[in-house]
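Q: Got a sequence here, can you build the structure:
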Amino acid sequence: MYELEKENLRRLSDYIAQFLQPSLIKTFMTTYFDKETVEKIINTEETSSVTKAAQMLLDQMCYLEEVGWFQAFLDILYASEYTGLHKAIKEWNFSELEELDVHRKLLERIEPSITKLIKPSELLAHMNDCLNIRECEMIQAVEIQRGHIAASEKLVNSLLRSDKPNWFKVLKIALDACRFDQALELLESNGGGTAAKGCGSDEEAEAMTTETTTTVCFEFREEPESEDMLMSTNDMTPTETPSKFTGEHDRSGEIKLREYQKELTAAAVQGQNTIICAPTGCGKTIVALAICEYHLKQSPRRAKIVFLATKVDVYEQQYKLFMKHFSRTDPSIRVMGMCGDMDLSVQWLIENHDIVVMTAQILVNALQSGEVPSLELLSLILLDECHNTTGKHPYNNIMTRYLDTKLSSSTHSLPQIVGLTASVGIGSFKNRLEAENNILQLCANLDTRVITTVKKQLDELKTYVHTPEKEFFEVSKHTYDPFIRIIKNIMSNIEQLAQKAFNIESLSNIQNREYGSQKYEQWIVSVQKSRRVIQMKDTNEERRICRELYNYTEHLRKYNDALIINEDARTKDALDYLDGFFEQVRNAGYDETERKLTALYDSQRPQLLHLASEGQQNPKLEELKFILEEEYQNNDETRTVLLVKTRALADAMKKWIDDTDSLKFLKPGVLIGKGRKSNFTGSVMTLTSKKGVLDSFKSTDQNSDQSKILIATSVADEGIDIPQCNLVLMYEYVGNVVKMVQVRGRGRAQGSRCFLISSSKECIEKERINMIKEKIAEEAIVQLQSHPAELSNKVDVLQREDKARRDHVSASPDKPKTRGSYQLLCVKCKKFACLSDDLRVVQESHHIALNRSMFERCITVPHKNPKTFQGFSKKEKMLCAECKRDWGLVASYLTIQDLPLLKIESFVVQNCDTHQQFYFRKWRDVTFAIQKFDMTEITPQTWPLRD
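A: Sure thing, here's the model as predicted:
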């Protein structure tokens, strides 16, 4: 099998090995190779040669026999952004890559000289088109740790292995834009000026350089805008300029804003703290860039700007946008980004850069650890999606510190605060007064007394931002369905089995639960919470009961999920979901209870399979099919975003579209979040795979694998840049006012529409109420804006009251941590794991167990996504030897190998004296003291290497 593919890989292996870096496709290797082979390849890459390691990888692939390995190889190449190599291997045509040989030989020849003439930190901003984010971050890290020459060598090495056909052209443009004239002259005098087809003429390169440094057009996209927002006006004639054209930079680099955008910047450029509230798609990120530019010009020496994002996905987009924008307008502005995987000093980043883009939690951690001593280090903080500044959100944590400093000292130098949002309709409210109170609290949290909205330039705003028409489709529910009857009968039998083992009704106060509902899920959660701390005189009996109840409730949860999927998708999808779950059960800790429950399912599966094949159609899917067929028949250029509640339903909807002859041409893409893997049997998404889905949806190439519909969960609600579409379908998808405003904003093309499809009258009524609440929130804003003095006074009062509450809590003595000894027991089977005396805390947040015998009570498996963070390198997952419950990680820390890194949620804690049991979801909640880790505790005798 795959003999042709293997022969081609052997024939072309020398060529492929010039481009491929095995560590970037490690997930493929860990799936198809044994652990020893993977380690050997990675070790060769790190200690010997990347090319040699790639050759070893290709040699091993020629021995693979598993079905699907070659397609998996192609998939990982594409997901890892090896687009050129992916295309070449898929088509077995390497002509485009062969054209790069002349450029590579040239760069190899001049490498010793050119690396002394460049500074990668300046070049990287211009090279996003040929280097991926990971490569850029690695080069930046080398420059910080070892200097710019070492980083230059890393940059050249990355380019020599690049499979992007435009890398040489991009390098020349970057050298010219950064004024590295000697390096550019060296490149061109050695034949680079006329090198090969991929580069074009000198005049062509010069024209591109002029274009990137003088004139840039802004295209409005879903906020936050992606790097695609920066377009060249030379790419279109005046008659082709789209209606979404925003403006351009003049030669001084200033942004030419629309009039309504100028109105949105007005308060911020006067130095006021403000919330900028404007519709999705109007270009709030453009406004943020303009505010940053103005701030930097006003305070060129003191200016330190931080732009905060709520999610890593959003951080990635905004960082790339800020880098591209300032590299084109003013390369002297130092822009840097930071997310969780980067082991850099936040204080160093802030002190050595003008603008830092980061996720909010990074700044919270730096403030809590004292790494950043005070917010007074900054001069401007911008908070994207600032309506989240409530409760325990990281935004509110940051602003609480800000307010405590402000209200406790008359001498301070705190930064300006600018919040960006599409809606301030937060919290619960029934009338305008309640809405005003909620908005006032948000203003108090953000220390702003100014809400900036478009008032004078509303007419202009309406010409650019189109509000989709909202329509409602109420559809009938399933009529009598035998599949539902069988599943409910199985659930009833499982409940009876559980009741025989233990009185489960005594474990929860939730009454009137109904199969196939969210309330039933809540009942399961409640029962599982009580189950964890059941105690009996006979500890063996206690362990048996706890494990049985865990299995019973997990199976009930999956059947409940299947009923919910059946309600919204096909019976076939619900059955596939159950099949996936039982496959996992068979491959994991397969005890007597699970064998009994699996047999119960297997006895009913033939009948369930028959119903899935021959059963009635779901009326909701029939309605959705009719809508899609009609929309694409009327306009085959339609782009649709289909929003669903769960990841399981997103997978089911994709399968349904792919299996439906009249819809399969839509080539659906799926956009989902990470979620909790333990509760999900479907796919999970990395940032790279999300980017691939969005790129396919953006594509206008009719010959490519263009996706015409994007199926998304709540990950698409805010922040992620979803390209412009003209049809938004909300499939049983309703939330609060803010969610409604953001979801509606997905349809921004003129004439776009938004449909809610539901079989629930309550669901439709809730959305109608949201529309009314949106109007109430708008009226509340107008009312507050019309009385600025009153708004300011009320904000002052709220801030003083909040401060008094915080001071009261701070003055209350903390409950001291107990010094007793505790056992950690597996949360599923109550197997002993270790003692609390074995625990140590590292860096105030990571908890390890210094007990070598713990490895006798667990098993370890290779981690599918090994990575390094804060000195730790995670290598393996740690599972209970008896029930296979996930206990945490096995990691190395600095030079110490094989440290158990524990998850407290995987354990029940039992007092060794009283035998009372407790359950904690977070380490910060534990009631006993844990020693700080001391490196001197580890010696070769106390901590020998594992066999």
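
Q: Could you break this protein into its assigned domains?
A: As assigned by the TED database, the chain contains the domains 3-92, 96-188, 259-464, 482-614, 619-758, 822-937.

Q: Show me the one of those that comes nearest Val797.
A: Closest approach to Val797 among these (CB to CB): domain 259-464, 8.5 Å. C-betas here are computed from N, CA, C, even on glycine.

Q: what distance separates the closest one from the centre of its chain?
A: Offset of domain 259-464 from its chain centre (CA atoms, centre = their mean, to the nearest Å): 20 Å.

Q: Just the endpoints, please. Distance across that domain?
A: 12 Å (CA to CA, to the nearest Å).

Q: and Pro813, how many neighbours does it have?
A: 5 (other CB atoms under 10 Å).

Q: Just list the residues touching Leu609, thanks.
A: Leu575 (CB atoms under 8 Å, 6 or more residues apart in numbering).

Q: any idea which helix or strand comes after the host helix or strand of it?
A: Assigned by DSSP states H and E, Leu609 belongs to helix 592-614. Per DSSP H and E, the first helix or strand lying C-terminal to helix 592-614 is helix 619-634.

Q: Which elements pack onto that following helix?
A: strand 727-731, strand 753-758 (3 or more CB pairs under 8 Å, 6 or more residues apart in numbering; DSSP states H and E).

Q: tell me the angle the next helix or strand after the longest one makes with strand 727-731.
A: Which is strand 753-758. Remark: after strand 753-758, the chain's next helix or strand is helix 761-785, criterion DSSP H and E. Relative orientation of helix 761-785 and strand 727-731, computed by axes from the mean of the first three to the mean of the last three CA atoms, to 10 degrees: 120 degrees.

Q: Residue ranges in the stretch 301-450 of the chain under the pLDDT threshold?
A: Applying pLDDT under 70 to the stretch 301-450 of the chain flags residues 340-343.

Q: in it, which spans are strands?
A: For the stretch 301-450 of the chain, the strands defined by DSSP state E, counting those that start in this stretch cover 305-309, 335-338, 355-359, 380-384, 416-421.

Q: Mind listing residues that contact the second one?
A: Contacts with strand 335-338, where a contact means CB under 8 Å, 6+ apart, come from 125, 140, 315, 319, 322-323, 326-327, 344, 346, 349, 352-359, 362.

Q: Any quick ChimeraX command for the buried ones out of these?
A: ChimeraX command restricting the contacts of strand 335-338 to the buried ones, with burial defined by 16 or more other CB atoms under 10 Å:
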select :125,140,315,319,322,323,326,327,346,349,353,354,355,356,357,358,359,362
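
Q: Give me the subset of the contacts of strand 335-338 lying in helices.
A: Among the contacts of strand 335-338, DSSP state H puts Gln140, Tyr315, Tyr319, Phe322, Met323, Phe326, Ser327, Val346, Leu349, Ile362 in helices.

Q: So which of the residues you listed is the closest to Arg485?
A: Among the ones in helices among the contacts of strand 335-338, and counting by CB to CB, the member closest to Arg485 is Tyr315, at 48.2 Å.

Q: can I assume the closest one is in contact with Ala309?
A: Yes. The pair Tyr315 / Ala309 is scored as a contact, 4.3 Å apart, by CB atoms under 8 Å.

Q: so what sits against both of the two?
A: Residues touching both Tyr315 and Ala309 by CB under 8 Å, 6+ apart: Val357, Met358, Thr359.

Q: separation between His915 and Ser821?
A: 12 Å (CB to CB, to the nearest Å).

Q: Assumed Ile534 was part of a strand.
A: No. Using DSSP: H, G, I helix; E, B strand; the rest coil, the secondary structure at Ile534 is coil, not a strand.

Q: How many residues are close by it?
A: 16.

Q: Tyr402 now?
A: 24.

Q: re the thing from before, which of the helices and strands packed on helix 619-634 is buried the deepest?
A: Using mean count of other CB atoms under 10 Å, the stretch among these with the largest mean neighbour count is strand 727-731, at a mean of 25.

Q: between the domains of the chain, which one is nearest to Gln799?
A: Among the domains of the chain, domain 259-464 sits nearest to Gln799 (CB to CB), with 5.0 Å.

Q: isn't Val372 right next to Ser345, touching?
A: No. With contact defined as CB under 8 Å, Val372 does not count as touching Ser345 (9.3 Å).

Q: quick one: which of the two has more around it?
A: Between Val372 and Ser345, counted using other CB under 10 Å, Val372 has the larger neighbour count: 23 against 14.

Q: which residue packs closest to that one, ignoring adjacent ones?
A: Nearest non-adjacent residue to Val372, counting by CB to CB, 6 or more residues apart in numbering: Ala366, 4.1 Å away.

Q: Could you pull up the residues touching that neighbour?
A: Val346, Gln347, Val372.

Q: How many residues are close by the residue nearest to Thr390 when sequence neighbours are not counted?
A: Nearest residue to Thr390, sequence neighbours excluded (CB to CB, 6+ apart): Asn396, at 5.8 Å. By the other CB under 10 Å criterion, the neighbourhood of Asn396 contains 19 residues.

Q: begin at 506 from here
A: Sure, I'll start numbering at 506, so the last one becomes Asn901.

Q: Touching, Asn901 and Thr894? I think so.
A: Yes. With contact defined as CB under 8 Å, Asn901 reaches Thr894; the gap is 5.1 Å.

Q: which phi and psi does the nearest residue to Ala1282 once chain neighbours are set aside have?
A: Of all residues not flanking Ala1282 in the chain, Gly930 sits nearest, at 3.6 Å (CB to CB, 6+ apart). Backbone geometry at Gly930, expressed as degrees, to the nearest 10, gives phi -80, psi 60.

Q: Pretty sure Lys1244 is one of the things Gly930 touches, is it not?
A: No. Judged on CB under 8 Å, Gly930 makes no contact with Lys1244 at a distance of 9.8 Å.

Q: Ile810 reaches Leu801, doesn't it?
A: Yes. Under the criterion of CB under 8 Å, Ile810 makes contact with Leu801 at 7.4 Å.

Q: So for stretch 585-597, mean pLDDT?
A: Averaging pLDDT along stretch 585-597 yields 86.

Q: What are the buried residues along it?
A: Within stretch 585-597, the residues that qualify as buried are Ser585, Glu586, Tyr587, Gly589, Leu590, His591, Lys592, Ala593, Ile594, counting by 16+ other CB under 10 Å.
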